[in-house]
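J.: sequence first, then the predicted structure, then my questions.
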Amino acid sequence: MAKSKMGGDILVVDDTNDVSILLKRILEKADYSVVVADNGPEALDIATDNKPALILLDIMMPGMDGYEVCRKLKNQKRTRDIPILFISALDDRESILKGFEAGGTDYITKPFNQREVIARVNAQMNQARLQKLFKEKNKVLEHEIKAKEKINNTIASYEKRYRSIFEQNPTPMCICDKQTLAFIGVNKAATMQYGYSHEAFKAMHLTDICGKKELEKIFEREKNHDTPFFVQGMCRHKKKNGEPIYAEVALNQIDFKGNPAWLVTLNDVTERVLVQNRLKDSVQMFHGIFDNSPDAIFLVDPHSREVPWRITDCNKAACEMNGYTREELIGQSIDLLNDDDQTQEDHDNYLKILKKQGVIREETTHTRKDGHVVHLEILTTLVTLGGKEYVLGIDRDITKRKKIQAELIAAKEKAEENDRLKSAFLANMSHEIHTPLNSILGFSELLSEPEFHTSHEEAAEYAKMIITSGNNLLSIINDILDISKIESGEVRYNIHPFSPKKLIGEVCSLFKMKAGEKGINLQVEKDGFPATFYLNSDEGKLKQVLVNFVSNAIKFTNEGSITIGIEKKRGGVKFYVRDTGIGIPEKFHAHLFSRFRQAEDSTTRKYGGNGLGLAISKSLVELLGGTIGFESEPGKGATFFFDIPFGS
């Protein structure tokens, strides 16, 4: 190995080629000659054969790590005195401490600061040079004890050389008494860094610029240190003007004029600490926003080919929204949550659009782990982290909003339908009221005219028509009044025991003649139901429902039969009316018991009616604690029924 201009060789040991090349160039630029080894065994061979002046040793290496290499070097007489600077990660304090325990003298951190690297190397080289000089001096003293004057001159020369190196070192340095920590000497860089003069420093102690408690913590490490001649740590310092700074303190034990002392380097790292603190604050703030956001946030790698659009991170809301744990989501494709299958082409096209537009806002759905579908409003954009492109997705759960929108649309449609039904009902009701009213007024006017001569039979027929029209009009008015009472909650009950068998017989007798006029056989089901069985309910209201059922059956049955029946059910009695009429199409089943509804307007025009009867019947049955229903097919008739509990 060729000697450098600075008078020493440096061995760089690192398994990463890029790191070795970078350090080699930095050191060669400072006129050092450099040899590189990429593993521990090779480093041991080079150090044993060539004994470099300084070794820069990486901690983390495969096979034999830096600690083991360092211990082996310290155990060999030939390489024991070679100073070793460990190469460490920025905040890996534990590794650095372990390196000092193994015998390291200093360290440099990744990423490298060129000035810091040179300063630390220079300091170690200077220190090694001093130690070498002292050894040479002792050797001279031993061999030339008689040449006292020459030895004294040599010592003076060395001291002058040391003083020059010490004073001109760009790193702030000082020498302190080991026991009292009083300053014995400081270099120019120290006076410039702290603002005190050389004379002022001589009256001060190291604790005057460095916090006493922090310094005690640094010295505490010395007690458990395998190499007590060196301790290091970072603490808060104070300049003469009161300005605080952060400095890395490295204390090397030396012998100064026959007394134990500390050679102290005071490297200002304030800017680095502030940058680290700002970075830490930024990271904490980001994580605070990221973790506590009510919206789901996903960080997705769009360039991953093994797992398309791989989820690299997500927040708590994303996990809760989709029903997965963070561990279950990270590493999976975002397609895990998407309802539609995406091809690689789909992903590539989406990424192109995202790059073009910058931001994409859209609505979509995700399927939760439990299978439920969540409606989302998503916002996606591209972000760059650590020099790599990611897709940032923010998802907002709009399931409730979608539900409300659907309900509003349904309510609007229902309101429009009710408005249409109301208009149709009013038109139909107007017709239903005018028809009997016109009949009443018309025949009454005829009978009241003196000139009108008619037979007694014809007059009786007119009177019968007036009475029939009056009853029809009264029925319409009663239906309107019933609906009004039901809506206002003013329906009155008359609960008492009665015979269901007798009730259906009375209803059958009531409509026997009307059914006979259409040629329909109206009958009571012969089922052996005992006439002595009594039901405790409102007989009048149940009769009203049966009358409505039978009236409708007669209205919509042109031939065949109508059967009224009852049967015992568990906990109550079932009443039913079965006919062989026109039946009801299935599309009208859902709304048959709604107010103002009939199968269709043509039915209303052909058969009459106001569309309130079944709605009133349903309300009365439910008010009595029962249920109502029907079964029907077009052309096969219909069966209407209701169940009433025993104790209604």
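T.: Everything's here; your move. Numbers count the residues shown, from 1 in each chain.

J.: pLDDT weak spots in the stretch 151-300 of the chain?
T.: 151-152, 154-156, 221-232 (pLDDT under 70).

J.: redo that, cut-off 90
T.: Along the stretch 151-300 of the chain, the model assigns pLDDT under 90 to residues 151-181, 184-186, 189-190, 193, 198, 202, 205-240, 242-294.

J.: and the strands in it?
T.: Along the stretch 151-300 of the chain, counting by DSSP state E, counting those that start in this stretch, strands occupy 173-177, 183-186, 230-238, 244-256, 259-268, 296-301.

J.: what's the answer for the stretch 451-600 of the chain, then?
T.: Applying DSSP E, counting those that start in this stretch to the stretch 451-600 of the chain gives strands spanning 495-498, 521-524, 535-538, 561-569, 572-579.

J.: now, of those, which is deepest in the fold?
T.: For those, the largest average neighbour count (mean count of other CB atoms under 10 Å) is found in strand 572-579, namely a mean of 22. Backbone N, C-alpha and C define where each C-beta goes, glycine included.

J.: residue 407 belongs to a helix?
T.: Yes: when DSSP: H, G, I helix; E, B strand; the rest coil is applied, residue 407 is found to be in a helix.

J.: how much space between it and residue 394?
T.: As judged by CB to CB, to the nearest Å, residue 407 and residue 394 stand 26 Å apart.

J.: which one of these two is surrounded by more residues?
T.: Taking other CB atoms under 10 Å, residue 407 and residue 394 do not tie; residue 394 has more neighbours (19 against 11).

J.: find the nearest non-adjacent residue to the more buried one, please.
T.: residue 379 (4.6 Å; CB to CB, 6 or more residues apart in numbering).

J.: roughly how far apart are that neighbour and residue 576?
T.: As judged by CB to CB, residue 379 and residue 576 stand 60 Å apart.

J.: following the helix or strand bottoming out on mean pLDDT in the chain, which helix or strand shows up next?
T.: Every helix and strand of the chain was ranked by mean pLDDT, DSSP states H and E. The lowest is helix 601-607, at a mean of 48. Moving toward the C-terminus from helix 601-607, the next helix or strand (DSSP states H and E) is helix 613-623.

J.: show me what that following helix is packed against.
T.: Judged by 3 or more CB pairs under 8 Å, 6 or more residues apart in numbering; DSSP states H and E, helix 613-623 is in contact with helix 456-488, helix 539-555, strand 627-632, strand 638-645.

J.: weakest of those in terms of mean pLDDT?
T.: For these, mean pLDDT drops lowest on helix 456-488, to a mean of 66.

J.: please, which helix or strand holds the residue nearest to residue 394?
T.: Here residue 379 is assigned to strand 373-385, by DSSP H and E.

J.: which residues does the following helix or strand past that strand contact?
T.: Using DSSP H and E, the helix or strand that directly follows strand 373-385 along the chain is strand 388-397. By CB atoms under 8 Å, 6 or more residues apart in numbering, the surrounding residues in contact with strand 388-397 are 293, 295-303, 309, 312, 318, 321, 334, 351, 354, 366, 374-384.

J.: walk me through which strands strand 388-397 pairs with, and which way each runs.
T.: Within its sheet, strand 388-397 is paired with strand 296-301 (antiparallel), strand 373-385 (antiparallel), according to DSSP bridges.

J.: most tightly packed of those strands?
T.: Neighbour counts (mean count of other CB under 10 Å) averaged over each of the strands paired with strand 388-397 peak at strand 296-301, with a mean of 21.

J.: how far out from the middle of the chain is it?
T.: With CA atoms, centre = their mean, to the nearest Å as the basis, strand 296-301 stands 10 Å off its chain's centre.

J.: low pLDDT regions in the stretch 401-550 of the chain?
T.: Scanning the stretch 401-550 of the chain for pLDDT under 90 picks out the ranges 401-495, 509-515, 517, 525-534, 538-541, 543-544, 547-548.

J.: rerun at 80
T.: 416-493, 526-531 (pLDDT under 80).

J.: circling back: closest to residue 88 out of the strands paired with strand 388-397?
T.: Residue 88 lies closest, by CB to CB, to one member of those: strand 373-385, at 24.9 Å.

J.: what mean pLDDT does that closest one get?
T.: On average, the pLDDT along strand 373-385 is 90.

J.: residues contacting the closest residue to residue 506 other than its chain neighbours?
T.: In space, and not counting its chain neighbours, residue 506 is closest to residue 543: 7.3 Å by CB to CB, 6+ apart. By CB under 8 Å, 6+ apart, the contact list for residue 543 reads 503, 506-507.

J.: filter the residues you listed down to just the buried residues.
T.: Among the contacts of residue 543, those that count as buried by neighbour count (16 or more other CB atoms under 10 Å) are 503, 507.

J.: what would the contacts of residue 543 look like in JSON lines with distance to residue 56?
T.: Shown next, in JSON lines, are the contacts of residue 543 (distance: CB to CB, whole Å):
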{"residue": "503", "distance to residue 56": "109"}
{"residue": "506", "distance to residue 56": "114"}
{"residue": "507", "distance to residue 56": "110"}
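
J.: of the contacts of residue 543, closest to residue 626?
T.: residue 503 (14.4 Å).

J.: partner residues bridging the closest residue to residue 209 other than its chain neighbours?
T.: In this structure, residue 209 finds its nearest non-sequential neighbour in residue 237, 5.2 Å apart by CB to CB, 6+ apart. Residue 237 has these beta-bridge partners by DSSP bridges: residue 210, residue 245.

J.: how many residues are close by residue 237?
T.: Residue 237 is flanked by 24 other residues according to other CB under 10 Å.

J.: appreciated, that's everything.
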